[in-house]
Structure formats: C-alpha cells, structure tokens
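Novice: predicted model and sequence follow; I will ask about them next.
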Amino acid sequence: MDEAPEEFGPVVLQPRGREGQNGASGGSPGVFEAPRRGSVVVVAAVGGAEGSRGAAAALSCAGSGVETAALLVDVGGRVPRPTLIASASAHRLEERLAARLPRLRPAARGEVCHLSVAADEDGLAAAGIAVTVARGGVAVVHVAPGHLQSMLDTPAAPRPDAALLRADLTADRALVALAVGDLLERGLRVAVLKRRLGWVAERRAGFGALGSDSGGLPESLVRRLLDVGSR
C-alpha cells in the first residue's frame, strides 16, 4: 500500500506467496487471480467513506445470472421488501432461504435475493447458514465497519474468499493500509473502491436491476472478484 500511487482504484491485492490459494494458480506476487463462482465476498467501508451498501448491491447484481441468483446479506440492515418483478432464480433462492431460516424474511429483488440479519453472533450464524443455502452462486455480505472484525472472528459466520473495501484514500490512507494488511494476512483477496457509485446506480442496484452498462462497479474489478465479466 505504501508503494501505491496517490491515484489508484479500484485496486486488487493478493497475499504474497499464496498463489495457490482460493482459486489462484501461478502468477506474480501481488497479482490477483479471480476466484470462481460460488465465491463469498465481504463488503465494508473504511473510516468515514460512504456507499459500501450500494457497492455490495452492485456486486451482487454483477454476480447474478439467469440460472443462479446472487445472495446479498446485509448485517444489521433493514428487512428488505420483495419487488414486483424478480427473476425465477431469485424466487427459488428466496424459497430455499425461507425454508431454512423461517424467522427471517428473505426477499427476491430483481435478479438478487436479499436477506437482513442482526449484527450479533446469532445473526452472523444465520448469515453463515444463508451462504450455505446459496452455495454454487455468489454471496455478498455487507457489514458496517465496526462489525467486520466480528464477522471474521465468529466461527459460524460466512467464510469470505475476498473483500471489497469502500474507502477514501485521501482521508484514510493509513487506515486503509491497516485494514488491507489484516485481510491479506487472513488469506483474502482485497479490492479497494475509492469512489462511491452514482445515486442512480445505487438505487438500481438496490432493486437488483443494475446492468453491466449502467454505471456500476468497474468491469475489471467485477471480473477479478467474481470471474463473471460483463453481462
């Protein structure tokens, strides 16, 4: 991080000497090799950066397909409402989640299935179950900055393969370096998004209806984190 230029982002980093982990195969140190479908990505903000929830929603849209809907878990978020229009795959995932987690209210929204869980140990355990139910598809878990460590340290919580950090490098560069270092030590691939998405893109992503040409996350970041490319 200290050697990165002042203007960089999105940035994707990989632990040095761990090229064989998490789907990586060869390559130079620090060069990201994308995980395959079925990936779990945790998304959080660093410092006072805004827009991490919108970034998580956009990533889940990018990870959804005709046959398999992505799961978006919002730890500590509001209970979602289903949209009038949702894909068949999102409805199928909604039904499976409702059967396994009857006390929660999953919601099919566009091409994505949303789920809100409490920001405590029980909620993180429910998130772990939800990710298991969605196995084979992409699962995106959004957490507030204060809950990221709890998720990583809770045994029953989802085990992420990668992390997306929404950060303002000008204001929080040192804090970002610390966060990235900790995540790399845990074996995660880390991407840093330095600019918040536009309001329209965030709204569309929240409804599970953000296309690849609608001002969402940079295509290179999506390919690297999810290995799905443009849709």
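Specialist: Cool, got the structure.
Novice: now the helices: where do they sit in this protein?
Specialist: Applying DSSP state H to the chain gives helices spanning 52-62, 88-100, 121-133, 148-153, 169-185, 199-206, 219-226.
Novice: could you give the separation of the fourth one from the chain centroid?
Specialist: Spelled out, that is helix 148-153. Chain-centre distance of helix 148-153: 14 Å, with C-alpha atoms, centre = their mean, to the nearest Å.
Novice: ok, now how distant is Gly136 from Gly110?
Specialist: Per C-beta to C-beta, to the nearest Å, Gly136 is found 19 Å from Gly110. Glycine gets a C-beta too; all of them are placed from N, C-alpha and C.
Novice: looking at these two, which one has more neighbours?
Specialist: Between Gly136 and Gly110, counted using other C-beta atoms under 10 Å, Gly110 has the larger neighbour count: 24 against 10.
Novice: just to check, that one is in contact with Ala86?
Specialist: Yes - taking contacts as C-beta atoms under 8 Å, Gly110 lies within contact range of Ala86: 5.9 Å.
Novice: distance of Thr155 relative to His114?
Specialist: Actually, residue 155 is Pro. It isn't Thr. The spacing between Pro155 and His114, counted by C-beta to C-beta, is 25 Å.
Novice: do Thr154 as well
Specialist: When distance is defined by C-beta to C-beta, Thr154 is 21 Å away from His114.
Novice: shared neighbours of Gly110 and Ala86, anything?
Specialist: Shared contacts of Gly110 and Ala86 (C-beta atoms under 8 Å, 6 or more residues apart in numbering): Gly208.
Novice: tell me which residues of stretch 182-193 come out buried.
Specialist: 183-184, 188-193 (16 or more other C-beta atoms under 10 Å).
Novice: do the same with stretch 151-166
Specialist: For stretch 151-166, a neighbour-count test (16+ other C-beta under 10 Å) marks 151-152, 154, 157-158, 160-166 as buried.
Novice: ok so, going back, among the helices of the chain, which is nearest Ala69?
Specialist: For Ala69, the closest of these is helix 88-100, at 4.0 Å, according to C-beta to C-beta.
Novice: which strands and helices sit next to the closest one?
Specialist: strand 107-109, strand 112-117, helix 121-133 (3 or more C-beta pairs under 8 Å, 6 or more residues apart in numbering; DSSP states H and E).
Novice: isn't Arg92 right up against Ala69?
Specialist: Yes - Arg92 is in contact with Ala69 according to C-beta under 8 Å; the separation is 7.4 Å.
Novice: what sits in contact with each of these two?
Specialist: The contact lists of Arg92 and Ala69 share no entry, where a contact means C-beta under 8 Å, 6+ apart.
Novice: what sits against the closest residue to Gly123 other than its chain neighbours?
Specialist: Sequence neighbours aside, Val117 is the residue nearest to Gly123 in space, at 3.8 Å (criterion: C-beta to C-beta, 6 or more residues apart in numbering). By C-beta under 8 Å, 6+ apart, Val117 lies in contact with 73-76, 104, 123-124, 126-127, 130.
Novice: neighbour count, pLDDT and distance to Pro145 for those residues - can I get that in CSV?
Specialist: Below are the contacts of Val117 laid out as CSV (neighbours: other C-beta atoms under 10 Å; pLDDT from 0 to 100; distance: C-beta to C-beta, whole Å):
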residue, neighbour count, pLDDT, distance to Pro145
Val73, 30, 98, 16
Asp74, 23, 97, 14
Val75, 26, 97, 11
Gly76, 15, 95, 11
Leu104, 19, 95, 24
Gly123, 21, 96, 17
Leu124, 25, 96, 15
Ala126, 24, 97, 21
Ala127, 29, 97, 17
Ala130, 25, 97, 22
